[in-house]
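**Student:** when you get a sec, could you give me coordinates for this:
(chains A and B)
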Amino acid sequence: MAIIATKETRLVVQGITGHEGTFHALRNRDYGTNVVAGVTPGRAGQDVEGILVYDSVADAVEHEGANTALVIVPPRFAAEAILEAAEAGVAQIICITEGIPAHDMLEVYHYIRPRGIHLLGPNCPGALSPGIANIGIIPAEIFKPGPIGLMSRSGTLTYQIGGELAAKGLGNSTIIGLGGDPVIGTSFIDALDLFQADDDTEYIVMVGEIGGNEEEKAAEVIAERITKPVVAYIAGFEAPPGKTMGHAGAIISGSAGTAAAKQEALEAKGVRVGTNPTEAAQIMADLVAKH
Amino acid sequence: MDLYEHQGKELFAKAGIPVAEGRIAYTVAEARAAAEEFGGTVVVKSQVLVGGRGKAGGVKVVKNADEAEAAAQAILGLDIKGHITRRLLIERGVAIAKEYYVSVTFDRSAKMPLLMLTTMGGMDVEDVAANHPDMLARLHVDPALGYRGFDGVQLMAAAGIPVDERKAVGAMLAQLYGVFQSEDAMLVEVNPLVFLEDGTLLAADAKVTIDDNALYRHPDVEAMRDLAAMDPQEQAAREAHLAYVKLDGDVGILGNGAGLVMSTVDVIAQAGGRPANFLDVGGGASAEKITTALEIVLSNDRVTSVLFNIFGGITRCDEVAKGLLSALEKTEIRAPIVVRLDGTNAEEGRALLAEAARPEITVEKTMLEAAATAVRLAKEAS
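**Tutor:** Numbering: from 1, shown residues only, chains lettered A, B, ... in the order given. Below is the predicted model:
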């Protein structure tokens, strides 16, 4: 059944008439994702290679039964785009946009969370269930179907590890990019619970990086309620404190958020942590071979 | 973006938060003039974006203009943890009765603003948290409600603020939260927050960090950026909209995607090398972008080899190879470049590089092999 990107997905793409929006909406459709509509205010009635454009997400929900929204709009409009999708009754929102102010995301987070709306991102590559559906910008060609759920705060690092797993003949149930911002909708814990409940997922790879303490919190949850084997990789051991390493969320504040602390927390709960992507993929491959 | 103390205090003053009267001085003469203007006791403070100024001799209380001049002489140019003092804040002296600590931080873990207050002012708050946790009062603010009076009552009671001071401290809390919210701050810290002998409350220091992603709506803050104090490579990268962080080694690193580049930095260190920088070229593969990125990496004199690490996704490796080859035509390459191409169309990309047979390029298939070669070349060059 996979998670997030599934056969049941009915996708509306917010920002579909933009350059990136058009490109990725069509790529997602070509992959087999059911893209039912696009939204660009003021462009209702137009179409993007057969995908109807609406003025609002509410219209796309009413006329096309959209149940998932993909947000590819500039950062200063993105928080509002997420809220619009939430208000329109979309249950699942995936936000690719990088550069949304953190205070805006606080507001969004506290609006959607109590309403049970599922947000992935922002500043993430989306979700791909190989062979089923692709929502976002993940290059699907690298991945193939298989039993490993892969979750990561970084896009290209996900591709790196996915590519290494594929080279060893291993595939994925779903690959989800959680996003590189300080406030994101889906945490490692949320994703762990989704993978734990997913029949297609037998193993889990988590790819973390410096900043925040979501990896530490995930370590607790893994020990408490995740029965599927988890292998981890953490990036940023050499990052200096106080410097943002590309992602807005990848920053060591004072002594908090270091890669070493995350590795230690995970290993303390019995999670094996690879020292580089190649080693993490190898650990996972060995695990699969033993089962 | 981190602000200097005097810039933070500008934001405070705008919000009605009392601060001592001060002047900025870039020279000894300007410092003397400010001291003469104020007359009597003044404080001469180094303006650098790092903590621990006092211990490093960057803050001096002086009694007259002659002493101010001598203090300015000593502090201008002072190196505080690698930050050179280029500007001073000269403040009118105040008579301090007691010192507290207050901050509003962006608590990522709880996804809420966090207020912290303690009567143990003037100390490192991490020390207070570690050694006197019961003295440090903490309170999360519901972002939907914002700061409310009852938040303040609860926090001040927990911190043990005397009842007769709570009106003043409560007003200060509300104002500081206002700055945190209206300026898109990730941190607003006042250490110390002081009561003067006449009973007035004053922010004696200001440590403010503004969210880079929100600077588009704060042009006044963006204009405060001290370009002269920026590392030349970091400044060039900023202009080119590339994420760059200088490190202190000799292996230059560029790649696509923040996570992959962070990982590349780690792998270089694991291979026994010393990374010179982090640079994320992002998506796309235009020759222009690659040229700019390479020029920035190589403009750091310490770089003796470069690792160019690409995992092709939507950007294909053959496009990257073409971009790299035309970048080599446009700029002078003074150090060997190890290229690792993997992912979409990697073989085509590697074939293009092999065909071009540029002497400055070594092609490796995997990230670990590429790291080992880049480290070896850097060692050979030194």
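**Student:** and B:Ile24, that one's in a strand?
**Tutor:** Yes: counting by DSSP: H, G, I helix; E, B strand; the rest coil, B:Ile24 falls inside a strand.
**Student:** how about stretch B:341-352 and chain A, touching?
**Tutor:** Yes: using Cβ under 8 Å from any Cβ of the partner chain, stretch B:341-352 reaches chain A at B:Asp342, B:Gly343, B:Thr344. (Each C-beta comes from the backbone N, C-alpha and C, glycine too.)
**Student:** burial count for the last one?
**Tutor:** I take that to be B:Thr344. 22 (other Cβ atoms under 10 Å in any protein chain shown).
**Student:** is stretch B:354-374 positioned near chain A?
**Tutor:** Yes: residues of stretch B:354-374 contacting chain A under Cβ under 8 Å from any Cβ: B:Thr366, B:Met367, B:Leu368.
**Student:** buried stuff in that stretch?
**Tutor:** By neighbour count with 16 or more other Cβ atoms under 10 Å in any protein chain shown, stretch B:354-374 contains the buried residues B:Arg358, B:Ile361, B:Thr362, B:Val363, B:Glu364, B:Met367, B:Leu368, B:Ala370, B:Ala371, B:Ala372, B:Thr373, B:Ala374.
**Student:** likewise stretch B:167-180?
**Tutor:** B:Val169, B:Gly170, B:Met172, B:Leu173, B:Ala174, B:Gln175, B:Leu176, B:Tyr177, B:Gly178, B:Val179, B:Phe180.
**Student:** CSV for those residues, including pLDDT?
**Tutor:** Formatted as CSV, the buried residues of stretch B:167-180 follow (pLDDT from 0 to 100):
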residue, pLDDT
B:Val169, 97
B:Gly170, 97
B:Met172, 97
B:Leu173, 97
B:Ala174, 97
B:Gln175, 98
B:Leu176, 98
B:Tyr177, 98
B:Gly178, 97
B:Val179, 98
B:Phe180, 98
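**Student:** wait, which of those residues is closest to B:Ala20?
**Tutor:** Ranked by distance to B:Ala20 (Cβ to Cβ), the buried residues of stretch B:167-180 are led by B:Met172 at 14.8 Å.
**Student:** which residues does that closest one contact?
**Tutor:** B:Ile17, B:Val102, B:Leu193, B:Leu201, B:Ala203 (Cβ atoms under 8 Å, 6 or more residues apart in numbering or on different chains).
**Student:** would you format the buried residues of stretch B:167-180 as JSON lines with secondary structure included?
**Tutor:** Shown next, in JSON lines, are these (three-state DSSP):
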{"residue": "B:Val169", "secondary structure": "helix"}
{"residue": "B:Gly170", "secondary structure": "helix"}
{"residue": "B:Met172", "secondary structure": "helix"}
{"residue": "B:Leu173", "secondary structure": "helix"}
{"residue": "B:Ala174", "secondary structure": "helix"}
{"residue": "B:Gln175", "secondary structure": "helix"}
{"residue": "B:Leu176", "secondary structure": "helix"}
{"residue": "B:Tyr177", "secondary structure": "helix"}
{"residue": "B:Gly178", "secondary structure": "helix"}
{"residue": "B:Val179", "secondary structure": "helix"}
{"residue": "B:Phe180", "secondary structure": "helix"}
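**Student:** spell out which parts of the stretch 1-150 of chain B neighbour chain A.
**Tutor:** Checking the stretch 1-150 of chain B against chain A by Cβ under 8 Å from any Cβ, the hits are B:Phe106, B:Arg108, B:Ser109, B:Lys111, B:Met112, B:Pro113, B:Glu126, B:Asp142, B:Pro143, B:Ala144.
**Student:** isn't the last one right up against A:Leu106?
**Tutor:** No: under the criterion of Cβ atoms under 8 Å, B:Ala144 is not in contact with A:Leu106, lying 9.0 Å apart.
**Student:** looking at the two, which is more packed in?
**Tutor:** Neighbours were counted for B:Ala144 and for A:Leu106 using other Cβ under 10 Å; A:Leu106 has more, 21 against 11.
**Student:** can I take it that that one is in a helix?
**Tutor:** Yes: counting by three-state DSSP, A:Leu106 is located in a helix.
**Student:** which of the three states applies to the nearest residue to it once chain neighbours are set aside?
**Tutor:** Excluding the flanking residues, the one nearest A:Leu106 by Cβ to Cβ, 6 or more residues apart in numbering or on different chains is B:Pro143, at 4.6 Å. Here B:Pro143 is coil, with the state taken from three-state DSSP.
**Student:** so B:Pro143 makes contact with B:Met112?
**Tutor:** Yes: using Cβ under 8 Å, B:Pro143 is in contact with B:Met112, at 6.0 Å.
**Student:** how close does A:Ala133 get to B:Val251?
**Tutor:** Distance, A:Ala133 to B:Val251, using Cβ to Cβ, to the nearest Å: 41 Å.
**Student:** between these two, which has more neighbouring residues?
**Tutor:** Shown here are A:Ala133 and B:Val251; by other Cβ under 10 Å, B:Val251 has more neighbours (30 against 25).
**Student:** show the low-confidence segments of the stretch 101-250 of chain A, by residue range.
**Tutor:** Along the stretch 101-250 of chain A, the model assigns pLDDT under 70 to no residue.
**Student:** looking at the stretch 251-382 of chain B, which residue is nearest chain A?
**Tutor:** Nearest residue of the stretch 251-382 of chain B to chain A, counting by Cβ to the nearest Cβ: B:Gly259, 2.2 Å away.
**Student:** ok, the buried residues of stretch B:354-374 vs A:His118, which is closest?
**Tutor:** Nearest to A:His118 among those: B:Met367, at 33.4 Å, using Cβ to Cβ.
**Student:** and the gap between B:Met1 and A:Ser129?
**Tutor:** From B:Met1 to A:Ser129 the distance is 39 Å (Cβ to Cβ).
**Student:** please say which of the two ends up with more neighbours.
**Tutor:** Of the pair B:Met1 and A:Ser129, A:Ser129 is the one with more neighbours under other Cβ under 10 Å, namely 29 against 18.
**Student:** let me see the contact set for that one.
**Tutor:** A:Ser129 is in contact with A:Ala2, A:Ile3, A:Ile4, A:Ala5, A:Thr6, A:Asn172, A:Ser173, A:Thr174, A:Ile175, counting by Cβ under 8 Å, 6+ apart.
**Student:** near residue 264, how many residues? Count them for me, please.
**Tutor:** Assuming you mean chain A. For A:Glu264, using other Cβ under 10 Å, the count is 13.
**Student:** actually, chain B is the one I wanted.
**Tutor:** For B:Thr264, using other Cβ under 10 Å, the count is 32.
**Student:** residue contacts, A:Gly131?
**Tutor:** Contact analysis of A:Gly131 by Cβ under 8 Å, 6+ apart lists A:Lys144, A:Pro145.
**Student:** kindly apply the preceding question to A:Phe195 instead.
**Tutor:** So A:Phe195 contacts A:Ile3, A:Gly149, A:Met151, A:Ser173, A:Thr174, A:Thr201, A:Ile204, A:Ile226, A:Lys228 (Cβ under 8 Å, 6+ apart).
**Student:** relative to B:Ala158, which of these is nearest.
**Tutor:** Sorting the contacts of A:Phe195 by distance to B:Ala158 puts A:Ile226 at the head of the list, at 36.1 Å, by Cβ to Cβ.
**Student:** hang on, the earlier thing: what is in contact with B:Pro143 and B:Met112 at once?
**Tutor:** Taking Cβ under 8 Å, 6+ apart as the contact rule, B:Pro143 and B:Met112 both touch A:Leu106.
**Student:** for the residue of the stretch 151-291 of chain A found nearest chain B, give me its contacts.
**Tutor:** Closest approach between the stretch 151-291 of chain A and chain B, counting by Cβ to the nearest Cβ: A:Ser154, at 2.2 Å. Taking Cβ under 8 Å, 6+ apart, we find A:Ser154 in contact with A:Gly177, A:Gly180, A:Val207, A:Glu209, A:Ala235, A:His247, B:Gly257, B:Ala258, B:Gly259, B:Leu260, B:Met262.
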